[in-house]
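Engineer: Sequence plus the predicted model coming up.
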Amino acid sequence: MIIAIDGPAGVGKSTVAKLLAARLGYLYLDTGALYRAVAWKVLQSRVHPADPAQVAILLTTTSIHMQFHQGAMQVLVDGLDVTGQLRTPEVTAAASVVSAIPAVRDWLLPIQRQIGAGGSVVAEGRDVGTKVFPAASFKFFLDADAEIRVARRHRELVAAGRGGSIEATSQDLSTRDQRDRTRSIDPLIPAMDARFIDTSILSPDQVVEKMIATVSIGS
């Protein structure tokens, strides 16, 4: 079966999805990594991320694949493993922009669905339950208090050696939220049949336990 997890940045989606996939013995699919891969190619090609026409042209000569080795996900762009280059501030910023381009979303949709075709996947992103896998067996939407999300994201950046001011992190999250929630195509919204989980005061393990309980009851 497919389990879809959606929500904004800073709610713990990636951590929870990885833990849940490990508990169930499923593949972990980070759909956001695909948008980051497109952003990486855009930056490498010196195309402006906010130029829909040029980005669409670039896609015609681009190949993106995901492969899984011992449960770990690797992202290949034109045959090159770029997994370790997808979390830089530059790629993160560009990914937020290119993800709003309809041509990019349409181009990545079959790639995501092909990965999920075999089932046994925990997929996380921003439109997984509403667009990518609308027939997913279980859907969850995670959210958290805005200040907590900012603090979590800032800790992640500091741990990765990319920590700026917490004010800058707050502004970045606010901008991303606005772009994700208001884009004209596939905005960030809960699926009608998604279970909402507020992660503000929950540890990742506690969130996973809630999910496991839901999956166990519904299976």
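Structural biologist: Now that the structure is in, tell me what you want to look at. Numbering: from 1, shown residues only.
Engineer: From residue 190, how far out is the residue of the chain most remote from its centre?
Structural biologist: In terms of distance from the mean C-alpha position of the chain, residue 217 ranks first, at 26.5 Å (C-alpha atoms, centre = their mean). Distance of residue 217 to residue 190, computed by C-beta to C-beta, to the nearest Å: 20 Å. The C-beta positions use only the backbone N, C-alpha and C, and glycine is treated the same way.
Engineer: And residue 52, by the same measure?
Structural biologist: 27 Å.
Engineer: So in the protein, which helix runs the longest?
Structural biologist: Counting by DSSP state H, the longest helix found in the chain is helix 166-182.
Engineer: Does residue 10 touch residue 148 like I think?
Structural biologist: Yes: counting by C-beta atoms under 8 Å, residue 10 does reach residue 148; the two are 7.5 Å apart.
Engineer: neighbour count winner among these two?
Structural biologist: Shown here are residue 10 and residue 148; by other C-beta atoms under 10 Å, residue 10 has more neighbours (26 against 16).
Engineer: excluding its backbone neighbours, what's nearest that one?
Structural biologist: Leaving aside its sequence neighbours, residue 10 sits nearest to residue 149 (C-beta to C-beta, 6 or more residues apart in numbering; 3.1 Å).
Engineer: Pretty sure that neighbour sits against residue 11.
Structural biologist: Yes: applying C-beta under 8 Å as the test, residue 149 and residue 11 come out as touching, 6.2 Å apart.
Engineer: which other helices and strands contact the one helix or strand the residue farthest from the centre of the chain maps to?
Structural biologist: In the assignment (DSSP states H and E), residue 217 maps to helix 204-218. Secondary-structure packing of helix 204-218 (3 or more C-beta pairs under 8 Å, 6 or more residues apart in numbering; DSSP states H and E): helix 13-24, strand 138-143, strand 195-198.
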